[in-house]
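what follows is a predicted structure for the sequence shown.
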Amino acid sequence: MEYDINPQRLSTFTLVFITILWIELASNYGRSIWLFLIVLLIGIGLASFRFKFTVYTEHLVYQILLFNKSIFKKEIYPDQVNELKFIRVGWAKKAAIIKMKKGLNIRLSVLEPQDAYNHLIEFAENQGISMSKTKDYQILERRKQRS
């Protein structure tokens, strides 16, 4: 199954960065159409980053896309994973951290739809990967079962 990752922090960062960049450049160089177009192109470039996460039966794939072209693709096999940790972020959102044996951990905090976390749990159970769930995450699971 393929899931989209919607990074809310990236869109907020992009908006703040573009605003500050425009103010600084306009105060130093004046307000010209060329300056506006350059800042606009930088904004479009930053806003066009997309993230995808795919769960296969044998492995996981994490991708970063720019203008729908893959610029980074990491295939994660079960022997590379140390642990899957399921946590809660925000008020009522689930998240997962893939703790790698080598390299950086991968944080999956805004997967759409939320069923992705259940598929990730199934993957871990099928592949024999150790999992841990925080108490807050377990509360979210119980709350979802009741409704």
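Right, received. Where do you want to start? Since we're looking at a predicted model, the values are computed, not measured.

any idea how many residues pack against V110?
20 (other C-beta atoms under 10 Å). No exception for glycine: its C-beta is placed from N, CA and C like everyone else's.

skipping adjacent residues, who's closest to it in space?
N6 (4.7 Å; C-beta to C-beta, 6 or more residues apart in numbering).

same deal with K85?
I97 (4.5 Å).

that neighbour: neighbour count?
The burial count for I97: 16, using other C-beta under 10 Å.

got the contact list for it?
Residues near I97 by C-beta atoms under 8 Å, 6 or more residues apart in numbering: 84-85, 87, 105-108.

K102 contacts Q80, doesn't it?
Yes - if you go by C-beta atoms under 8 Å, K102 and Q80 touch, sitting 7.2 Å apart.

of the two, who's got more company?
Between K102 and Q80, counted using other C-beta under 10 Å, the more crowded position is Q80 (16 against 6).

distance of that one from I129?
Per C-beta to C-beta, to the nearest Å, Q80 is found 10 Å from I129.

shaky segments in the protein?
The model of the chain has pLDDT under 70 over residues 147.

ok, longest helix in it?
helix 8-29 (DSSP state H).

just after that one, pick out the following helix or strand.
helix 33-47 (DSSP states H and E).

and that next one, what does it pack onto?
Here helix 33-47 touches helix 8-29, going by 3 or more C-beta pairs under 8 Å, 6 or more residues apart in numbering; DSSP states H and E.

what lies in contact with the helix it packs on?
35-36, 39, 42-43, 46-47, 49, 110.

just to revisit the earlier point, look up how far M131 lies from the residue nearest to K85.
Distance from I97 to M131, by C-beta to C-beta: 11 Å.

next: L140.
In terms of C-beta to C-beta, L140 sits 15 Å off from M131.

ok, the two, which is more surrounded?
Remark: of L140 and M131, L140 carries more neighbours, 20 against 14, as counted by other C-beta under 10 Å.
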